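K.L.:
Fold the following.
(chains A and B)
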Protein chains: 2
Amino acid sequence: MEIERPYLLFLGDVHDQLAAKTAQGVVDWRPDWCTGQMRLEGCQADCGLKDMSIDEAVAAGARTMVVGVVNSGGILPDHWISEVVRAIEAGMDVATGLHKRLSSIPEIAEAAEKHGAKLHDVRFSDVAFATGKGTKRPGKRILAVGTDCSVGKKYTALALDQEMQKRGMKSDFRATGQTGVLISGRGIALDAVVADFISGAAEWISPANEDDHWDCVEGQGSLFHPAFAGVSLGLLHGSQPDAFVVCHEPTRTNMRGVAHPLPTIQQVIDRNIEDGSLTNPDIQCVGICVNTQKLPEDEARDYLADLGDKYGLPCVDPIRTGMGPIVDEIQKRFPS
Amino acid sequence: MEIERPYLLFLGDVHDQLAAKTAQGVVDWRPDWCTGQMRLEGCQADCGLKDMSIDEAVAAGARTMVVGVVNSGGILPDHWISEVVRAIEAGMDVATGLHKRLSSIPEIAEAAEKHGAKLHDVRFSDVAFATGKGTKRPGKRILAVGTDCSVGKKYTALALDQEMQKRGMKSDFRATGQTGVLISGRGIALDAVVADFISGAAEWISPANEDDHWDCVEGQGSLFHPAFAGVSLGLLHGSQPDAFVVCHEPTRTNMRGVAHPLPTIQQVIDRNIEDGSLTNPDIQCVGICVNTQKLPEDEARDYLADLGDKYGLPCVDPIRTGMGPIVDEIQKRFPS
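P.N.:
Predicted structure coming up:
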């Protein structure tokens, strides 16, 4: 898949900023790929880009309309469909992370056919994966794992890649979710892969590479989430990480969407080492990333310091304090 | 799904008996549904049925050609496609457990359309599953887990159900693989479900039931198999078993299809209790089922006796010695 850039981010008329988190993720990590945003009347989200009509976006060079919002049910409402069709008529491709294929909507399929537009459904992959082999392949890999879903695994992997690039290390961000695919222009939404091929797809995502090259792999779910642990385990086995970082959200009271309590960070470290050693016996934890967004500055600093003392590992908030200490640790443990 | 019977079992030209385990499973548990088998030149599998051509099978009353073999990758090779088309032209329906829909193969779709044949892809389900919730539901469940793939988990679950029925206990066999679906006429091929819904589908397969009713759930893969552990874990979490049986094949030297060594039975017991306690803290191991087919009678007897001493659990071969001792153990531990 090659999604042509730059993007026009379509925000529709969603009711809050959270519904635009895919678009926001693209803006945060690839601001130079974004020409502008397009909002319909009543839209309550704002990604801080210049508001543009379809014609203005095309004039500014936009190549792909990214539907970077989700409404409940993950469906494209009728009054969004007509805008997507207009974008196609104006010469743009379209990319979405919805559960339904764009080509399954007749008006869109017809317009794309007529105008030669490409439709990118980033949740779907046409790759014929093999089942996982578990054979060790060259290159280094670091995986962001979590105490829960939605605790900052994607941001952690992106920030690791960014910090490594800054230091002149060889690295790639490897997307495993739809937002990550839009941010990196490639990758696989792993949660949409057929179950038999989870670890095979994870192997495909981070292929053999140079010995001193790092794949920074976006994690999914949690080994302790009763709905998604299977995906987490397949990804752990397939990505066979040399190192992992535990991601955590300290104000969470139970696992997202279910009644289960959160595991401790120690349990997450132990279980990932236990399970991960099946495909990489040398797997090790190199740090903890905490999303401290909901804590005041001083409380966040204390929390990270206490955690660092307790676990003897670098503990950071990738957004607030940066990824430096964890990449220091990686360079110390894996000298090239 | 209603698959018309009797079946003609198509074995293709697979290279070993293990590749025909779907066909063999149907023969073993539903011999009266099978008219005969059809083999191509070079076929190394044999299910012990009368060899038939397509025309002979139709003359003998066969209604459905069951493609009861799988090659690696689960794809239908071209020289099998032409036989499937011939079966359709001769008046049969077709059922397979492959990863690709029969209707996605143009020659087959065309022939089915022209001759009014039904195409059954037992791996695909049109159920819209929810994601797993992990909430405890009433009814008892027993899961067959394995040291590896293809070690007798389906047979174990079928034999448990059979023995329970014989004793007048309330039970159901719950199929999670394509052979199980062909044998029981219902269920879900769990390995073909989209990864996000593995444990949700497992919850759907064994719904709330009476307190003294047992679901005998067919296991999938192994928590120690680098390709399929994600499916095993999702099934373990979703089926939330009260009890499990470890299935083992004592002559296996490495995990099927990969280079990994086998785990010990103790490791399998410990890991299933550790992982399974997330959704059922009372999970316990009630026995060990060994496929002793490749051992001589006396060696098999000694092997089972030694294992019983070592683990303090009833150890049986479901085919050779029967499931009695394990169901005794279940009745002792779970008095109704």
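
K.L.:
Specify the local secondary structure of the residue lying closest to A:G91 once chain neighbours are set aside.
P.N.:
Sequence neighbours aside, A:V58 is the residue nearest to A:G91 in space, at 5.7 Å (criterion: CB to CB, 6 or more residues apart in numbering or on different chains). Using the backbone N, CA and C atoms, a C-beta is placed for each residue, glycine as well. Following DSSP: H, G, I helix; E, B strand; the rest coil, A:V58 is assigned to helix.

K.L.:
okay, now A:V58: neighbour count?
P.N.:
18 (other CB atoms under 10 Å in any protein chain shown).

K.L.:
Please verify my assumption that it contacts A:A90.
P.N.:
Yes: using CB atoms under 8 Å, A:V58 makes contact with A:A90 at a distance of 4.9 Å.

K.L.:
ok, and A:L9, which helix or strand is that part of?
P.N.:
strand A:7-12 (DSSP states H and E).

K.L.:
pLDDT of that strand, averaged?
P.N.:
The pLDDT scores in strand A:7-12 average 97.

K.L.:
Which other helices and strands does it contact?
P.N.:
helix A:21-29, strand A:34-39, strand A:64-67, helix A:78-89 (3 or more CB pairs under 8 Å, 6 or more residues apart in numbering or on different chains; DSSP states H and E).

K.L.:
how's chain A carved up into domains?
P.N.:
Chain A is divided into the following domains under automatic domain parsing: A:7-121, A:140-333.

K.L.:
most tightly surrounded among those?
P.N.:
For those, the largest average neighbour count (mean count of other CB atoms under 10 Å in any protein chain shown) is found in domain A:140-333, namely a mean of 21.

K.L.:
The stretch 201-336 of chain A against chain B: which residues are in contact?
P.N.:
Taking CB under 8 Å from any CB of the partner chain as the contact definition, the stretch 201-336 of chain A meets chain B at A:224, A:226-235, A:237-238, A:257-260, A:275, A:278-279.

K.L.:
taking these one by one, which sit in strands?
P.N.:
Within those, no residue falls in strands by DSSP state E.

K.L.:
which parts of the stretch 1-150 of chain A sit against chain B?
P.N.:
Residues of the stretch 1-150 of chain A lying near chain B (CB under 8 Å from any CB): A:128, A:130-135.

K.L.:
looking at those, which has the most residues close by?
P.N.:
Using other CB under 10 Å as the neighbour criterion, A:G132 leads the residues of the stretch 1-150 of chain A next to chain B with 28 neighbours.

K.L.:
Need the three-state assignment for that residue.
P.N.:
Counting by three-state DSSP, the backbone at A:G132 sits in coil.

K.L.:
And it, what's its pLDDT?
P.N.:
Model confidence at A:G132 (pLDDT) stands at 96.

K.L.:
Would you confirm that it contacts A:G238?
P.N.:
Yes: in this structure, A:G132 is within contact of A:G238 by CB under 8 Å, at 5.2 Å.

K.L.:
joint contacts of the two?
P.N.:
A:198-200, A:202-203, B:226 (CB atoms under 8 Å, 6 or more residues apart in numbering or on different chains).

K.L.:
Those residues into CSV, with extra columns for secondary structure, pLDDT and distance to A:D298?
P.N.:
Compiled in CSV, the shared contacts of A:G132 and A:G238 are given as follows (DSSP: H, G, I helix; E, B strand; the rest coil; pLDDT from 0 to 100; distance: CB to CB, whole Å):
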residue, secondary structure, pLDDT, distance to A:D298
A:I198, helix, 96, 42
A:S199, helix, 97, 43
A:G200, helix, 97, 47
A:A202, helix, 97, 39
A:E203, helix, 97, 44
B:P226, coil, 97, 45
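
K.L.:
Find the nearest non-adjacent residue to A:H15, please.
P.N.:
With sequence-adjacent residues excluded and distances taken as CB to CB, 6+ apart, A:H15 is closest to A:Q44, at 5.1 Å.

K.L.:
ok, of the residues of the stretch 1-150 of chain A next to chain B, which one's closest to chain B?
P.N.:
A:G134 (2.8 Å; CB to the nearest CB).
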